[in-house]
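1. with the sequence up front, the predicted model follows.
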Amino acid sequence: MFKTISIKFFAVFLLILSGCSMVLKNTSDLANIAVANDQVMSGQVAAVIKSASLSDTENLIVDHAINQYVGFVDKWKPSITYLDAREPIFDEFVADYNKIVAQYRSVKEQVVAGHWGEYTEENRALLNEYHGRAERVNDSIDSLISAGKRHQALLDAIWLGQIL
């Protein structure tokens, strides 16, 4: 019995070590997020998307997505470095982030895809760059969320071990 519990705690310890290394500490992740944020906040992304002749509805989709992103950044920028999966606010962060991802997909699928042929070659290259950057940012945030969930699972396992 003691040997089984020792093995479980060792496995949990390894999970802690692997989970802690996944949080946004990679400087390339942080730099990528900063560049993407600057491109959105400066209006560069919206200008490229709106360089095609969009309908009023499509313009609203783009504006809504940008506004929601700005609200997300305003809300979470001060606390992004110390989000803790043990806190209820972590679930709120994940829910807000999922809304941003949905907005991104909406712009990509409902606006950009339908006007792809209207964009200049230069703007298509920029849109591809933005898309690649958005995917890398998403991968970084997913790693943050995953690390937080693994950390929470580990804490739950330790708590269960203490009860046993």
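-> Ah, there it is.
2. quick check: buried residues in stretch 118-137?
-> 119, 123, 126-127, 130, 133-134, 136-137 (16 or more other C-beta atoms under 10 Å). Bear in mind the C-beta positions are built from the backbone N, C-alpha and C, glycine included.
3. now swap in stretch 134-147 and tell me
-> For stretch 134-147, the neighbour count (16+ other C-beta under 10 Å) marks 134, 136-137, 140-141, 143-145, 147 as buried.
4. what mean pLDDT does that stretch have?
-> Stretch 134-147 shows a mean pLDDT of 80.
5. then stretch 69-79?
-> 86.
6. just the buried residues of that stretch, please?
-> Applying 16+ other C-beta under 10 Å to stretch 69-79 flags 69, 72, 76 as buried.
7. which residue packs closest to the second one, ignoring adjacent ones?
-> In space, Phe72 comes closest to Ile100 once its chain neighbours are excluded; the distance is 5.2 Å by C-beta to C-beta, 6 or more residues apart in numbering.
8. and the helices in this protein?
-> For the chain, the helices defined by DSSP state H cover 2-20, 27-41, 44-49, 56-76, 88-107, 121-163.
9. weakest of those by average pLDDT?
-> Note on the helices of the chain: lowest mean pLDDT is at helix 2-20, with a mean of 40.
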